[in-house]
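Enquirer: next input, structure requested:
(one chain, ligands or ions: 1)
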Amino acid sequence: MISNHHQSVMFNESIDALNIKTDGIYIDATFGRGGHAQGILNKLGEQGKLIAFDQDISAIKYAHKHFTDNRLALIHSAFSNMLNIITEQGLMGKIDGILMDLGVSSPQLDNAQRGFSFKADGPLDMRMNQTIGMSAAQWLESANKEEIANVIYQFGDEKKSRHIATKIKKYQQKHTLETTLALANIVSSVVKGQKNKHPATRTFQAIRIFINQELKQLTDVLVQSKDILSKGGRLSIISFHSIEDRIVKRFIQKNSRQKTLPKGLPIIEHKIEKTYLQDLGKYFASKAEISSNCRARSAILRVASKN
Ligand SMILES: C[S@@+](CC[C@H](N)C(=O)[O-])C[C@H]1O[C@@H](n2cnc3c(N)ncnc32)[C@H](O)[C@@H]1O
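Expert: Numbering: from 1, shown residues only. Okay, the predicted model is just below:
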């Protein structure tokens, strides 16, 4: 099914976390179908501005068709280009908040042609930006057994990673591995399903993260946020699995921890190292939201403010 609907996760919490000023300038790094973006626009006054990124052209096309708000600027790009784009626009250090709702959207998952889903058959693509890089099928063809096993283990926490990689290479001796169901069937022949969890969930997640370089994208944009945000500017980040959340958690902890002074020397001789962030906590979706949207089950929202 091709749907254009995406139910925004932790909508109120993630937008409240931005502490929106009516004339502020905000970034939605992951526009999707614009649920969060509309929430931000609703809180902005006439002088406010929202810059929205998405690396998937279908999200940007959707935005052009359904959003006519002149306070919204749309950018078809990976959010790791944020620093360059904000510099070009002369907005460095002037952004009052960045919202990130990581991962893929429901329309991406629901469209079998995009190759993200193990539930419906389609080409094994998995690229959020289909204009660049290798599809999952091309990568699985070119990578060796060890490389495949490492990706599935590192980004999917899949204990059977070696066994899966061996099966993939064996299959490719006779066939071209080019569809989602072919990959899902290979994984299902090795991994037992759990209640509410398809056997191929972890493998698909791992390959998607690798193909889209999701962890590098996140690490890069977090570092860039140091220069992009204004004083008091907020980070509001929703992640959906522990590998991603760990990166956000460590970044916030590292940059908000009070740097201790060496003992025994007069304080005047030491420049006190200022921390960049204030950690404003970690939040989960409410029970009510989880019962109406199962994606919210694994959502973790982390919030920080620039000092
Ligand atoms: C979970 S959806 C966001 C949904 C959105 N918050 C809403 O309410 O409709 C994630 C979106 O971010 C995009 N995305 C993921 N990683 C990205 C990146 N590194 N750069 C730009 N866009 C990215 C995906 O293409 C997808 O459309």
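Enquirer: so who does whichever residue of the stretch 151-300 of the chain sits closest to the ligand touch?
Expert: Here the residue of the stretch 151-300 of the chain nearest the ligand is Q217; by C-beta to the nearest ligand atom that distance is 3.8 Å. Quick note: C-beta positions are derived from backbone N, CA and C, even for glycine. Residues counted as contacts of Q217 (C-beta atoms under 8 Å, 6 or more residues apart in numbering) are A78, F79, S80.
Enquirer: same check, this time on K192
Expert: With the criterion set at C-beta under 8 Å, 6+ apart, K192 makes contact with P199.
Enquirer: picking up where we left off before, what would the contacts of Q217 look like in a markdown table with pLDDT, secondary structure and neighbour count?
Expert: Shown next, in a markdown table, are the contacts of Q217 (pLDDT from 0 to 100; DSSP: H, G, I helix; E, B strand; the rest coil; neighbours: other C-beta atoms under 10 Å):
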| residue | pLDDT | secondary structure | neighbour count |
| --- | --- | --- | --- |
| A78 | 98 | coil | 21 |
| F79 | 98 | helix | 24 |
| S80 | 98 | helix | 19 |
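Enquirer: near the ligand, from those residues?
Expert: When contact is defined as C-beta under 6 Å from any ligand atom, those meet the ligand at A78, F79.
Enquirer: burial check on N293, number of neighbours?
Expert: Neighbour count of N293, defined by other C-beta atoms under 10 Å: 16.
Enquirer: likewise the one 10 residues further on?
Expert: For V303, the tally of surrounding residues (other C-beta under 10 Å) stands at 22.
Enquirer: what strand or helix carries it?
Expert: strand 300-306 (DSSP states H and E).
Enquirer: just checking, what packs against the longest strand seen in the chain?
Expert: Criterion DSSP state E: the longest strand present in the chain is strand 229-239. Contacts defined by 3 or more C-beta pairs under 8 Å, 6 or more residues apart in numbering; DSSP states H and E place strand 229-239 against helix 11-16, strand 95-101, helix 242-256, strand 300-306.
Enquirer: for the ligand, what are the nearby residues on the stretch 151-300 of the chain?
Expert: Q217.
Enquirer: and which of the contacts of Q217 is nearest A137?
Expert: A137 has its nearest neighbour among the contacts of Q217 in A78, at 21.3 Å by C-beta to C-beta.
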